[in-house]
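Asks: Using only what follows, build the 3D model:
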Amino acid sequence: TARELGTAVHEPVTVGASAPVGRLLARPDTVASAYAEARRCLDTLRLLGRAGDGSAAEDFGFLGLLLAGERDIAGFVDRTIGKVVAYDERRGTELLRTLDAYFSCGMSPARTKDDLHVHVNTVAQRLDRVGRLLGDDWQSPQRALEIQLALRLHRLSGITQPPSAQH
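Replies: From the prediction side, this is the model:
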């Protein structure tokens, strides 16, 4: 939307969006909440120096949890580690447990193998699978922080399936 509007008016346009708003007749107050959320996203884009860009709260990773009017914890967990959760559930593997141990052990495969009581090659294979599921940048500082937060929220909230698989 930001790109199309910018093209139409021949200058950069910054767009903050909210989650979709439904049931307007039943809950007209949702429009005010959606506007406030979109406004927070717009302000965040400006603070991040992203003029001419467009985003919704979910596009900001864990910052989106802070920006969203209604905290979509399950959605954040699903977007961040949902592929790993689904893989474990389908195949009966322990990728989540390995990932949690890996971060708890300071991202050390040697300490992780001791914590899990498995061979270091098993840890390496599991982490390789995690990388294929989450993308090559999963260990970068920003992604690692988001993944650790998602792991903790997953554990605390008792989420067992990604929302996309619950219907």
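Asks: residue ranges with poor pLDDT in the chain?
Replies: 61-72, 157-167 (pLDDT under 70).
Asks: For it, which residue occupies the most central location?
Replies: Thr80 (3.6 Å; CA atoms, centre = their mean).
Asks: Touching, Gln148 and Ala101? I think so.
Replies: No - assessed by CB atoms under 8 Å, Gln148 is found out of contact with Ala101, at 12.0 Å. The way it works is simple: take the backbone N, C-alpha and C, and place the C-beta from them, glycine included.
Asks: need the contact list for the residue nearest to the centre of the chain.
Replies: 61, 146-147, 149-150 (CB atoms under 8 Å, 6 or more residues apart in numbering).
Asks: at 7 Å instead, please
Replies: Shown in contact with Thr80 (CB atoms under 7 Å, 6 or more residues apart in numbering): 146-147, 150.
Asks: SS state for it?
Replies: Here Thr80 takes the helix state, with states given by DSSP: H, G, I helix; E, B strand; the rest coil.
Asks: Over to Thr93?
Replies: Applying three-state DSSP: Thr93 is coil.
Asks: Quick check: closest non-adjacent residue to it.
Replies: Tyr87 (6.4 Å; CB to CB, 6 or more residues apart in numbering).
Asks: separation between that neighbour and Leu95?
Replies: Remark: distance between Tyr87 and Leu95 (CB to CB, to the nearest Å) = 6 Å.
Asks: Val84 too?
Replies: Taken as CB to CB, the span from Val84 to Leu95 is 5 Å.
Asks: hang on, the earlier thing: now tabulate the contacts of Thr80 in TSV and tack on neighbour count.
Replies: Listed next are these as TSV, based on neighbours: other CB atoms under 10 Å:
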residue	neighbour count
Glu146	22
Ile147	24
Ala150	24
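Asks: Just put the residues you listed in a markdown table and tack on secondary structure and distance to Glu11.
Replies: As requested, the contacts of Thr80 are exported to a markdown table (DSSP: H, G, I helix; E, B strand; the rest coil; distance: CB to CB, whole Å):
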| residue | secondary structure | distance to Glu11 |
| --- | --- | --- |
| Glu146 | helix | 33 |
| Ile147 | helix | 38 |
| Ala150 | helix | 37 |
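Asks: Out of these, flag the one nearest to Gln125.
Replies: Ile147 (18.4 Å; CB to CB).
Asks: Please, where are all the strands along this structure?
Replies: 15-17, 54-56 (DSSP state E).
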